[in-house]
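Q: Let's see this in three dimensions:
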Amino acid sequence: MNHPTHDPVAYFNALNDEQAAVDDALAAIRAEQAEGRLTAAQAAAERAQLLEQHLERLRQLRAEHLGES
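A: The predicted structure is shown next:
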């Protein structure tokens, strides 16, 4: 049974937007590390935090667009 907000097209569009944002953020972290403003450990910690936030955002999008938790 579909949830009232079931909108797979909007969901996939939101996923694409979210992926682009994560890709940009990861590139920024790599650049910061390459320029010596972040150590390898700091960059790893930032990537881990970013990916945790990304996973939470994916859960939110799934709930919002597909009614799944």
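Q: need the next SSE after the host helix or strand of residue 27, C-terminal direction.
A: Using DSSP states H and E, the element containing residue 27 is helix 8-34. For helix 8-34, the following helix or strand on the C-terminal side (DSSP H and E) is helix 40-66.
Q: just the angle between that next one and helix 8-34, please?
A: Orientation check (axes from the mean of the first three to the mean of the last three Cα atoms, to 10 degrees): helix 40-66 against helix 8-34 gives 170 degrees.
Q: quick one: contacts for the nearest residue to residue 54 once chain neighbours are set aside?
A: The shortest distance from residue 54 to any non-neighbouring residue, by Cβ to Cβ, 6 or more residues apart in numbering, is to residue 22 (5.0 Å). Glycine gets a C-beta too; all of them are placed from N, C-alpha and C. By Cβ atoms under 8 Å, 6 or more residues apart in numbering, the residues touching residue 22 are 50-51, 54.
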